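Q: how would this look folded up:
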Amino acid sequence: MIALLLLAGLIMVEGTPSFNGTSGAVWGGADVVEYWSLNSGDSGAFGSQQYNRSYGGYTFYFKNFINADLFEAAPDSYIPAWGGFDAWSFVYENHWRADLMGPPCNPTDSWFIYNQSLYCALTPYLRDLFLNRVNHSIVPGNDKWIGYYGSLNQGPINNACFQTNVAQCNAGNVTFQNRNSTIE
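A: Prediction:
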């Protein structure tokens, strides 16, 4: 049974994602700094509870102290754009709003970096769809986020909506706090 849960990505073992939303770590424990050293198409990088930092009321995991310290020095440089929710769904679906955020994403194989920002999508297909329209997507997405939360560096961060609980997130059964801008 544990092997099946591990294969499904539903429980956290050091270095693997936890996508059940119970760990509380941003992107299920993904190391948001390590993505910057990966090549497009590489699997997402996951950290460990051993190397964690709290920022804005959220917990981030890192694979080592170097990444944790880089994050601590400039957290807003590493936090995924639009809180790390699915970029395509956030921009193009009308379901989401300031009080109902949660388009699920998959930081394992649907992440991308564009114009010095880290983004996520639910599937590689939605990632590619977004990238095909990226020049028509960023400004409306930024405007939407700022309209909801006042700044690109404010608003919730995805620590609970992933490919394993799409229905729960789409139904609005997951809540997120607005981040504050402090290292804790």
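Q: Can you tell me how far residue 97 is from residue 26?
A: 21 Å (CB to CB, to the nearest Å). Yep, even glycine has a C-beta here, placed from its N, CA and C like the rest.
Q: out of these two, which sits in the busier spot?
A: residue 26 (27 against 11; other CB atoms under 10 Å).
Q: thought that one was touching residue 59?
A: Yes. Using CB atoms under 8 Å, residue 26 is in contact with residue 59, at 6.8 Å.
Q: Look up the residues that both of those two are in contact with.
A: residue 159 (CB atoms under 8 Å, 6 or more residues apart in numbering).
Q: Give the buried residues for the longest helix that the chain contains.
A: If you go by DSSP state H, the chain has its longest helix at helix 138-149. Across helix 138-149, burial judged by 16 or more other CB atoms under 10 Å covers 138, 141, 144-145, 148-149.
Q: Next secondary structure element downstream of it?
A: Per DSSP states H and E, the first helix or strand lying C-terminal to helix 138-149 is helix 166-170.
Q: Phi first, then psi, for residue 175.
A: phi -110, psi 150 (degrees, to the nearest 10).
Q: Out of the buried residues of helix 138-149, which is nearest to residue 110?
A: Taking CB to CB as the measure, residue 141 is the one of those closest to residue 110, at 16.0 Å.
Q: The closest one contacts residue 91, correct?
A: Yes. Between residue 141 and residue 91 there is a contact under CB under 8 Å: 4.4 Å.
Q: and the nearest residue to residue 111 once chain neighbours are set aside, what are its phi and psi?
A: Once flanking residues are discounted, residue 111 sits nearest to residue 120: 5.1 Å by CB to CB, 6 or more residues apart in numbering. Main-chain torsions, residue 120, degrees, to the nearest 10: phi -140, psi 160.
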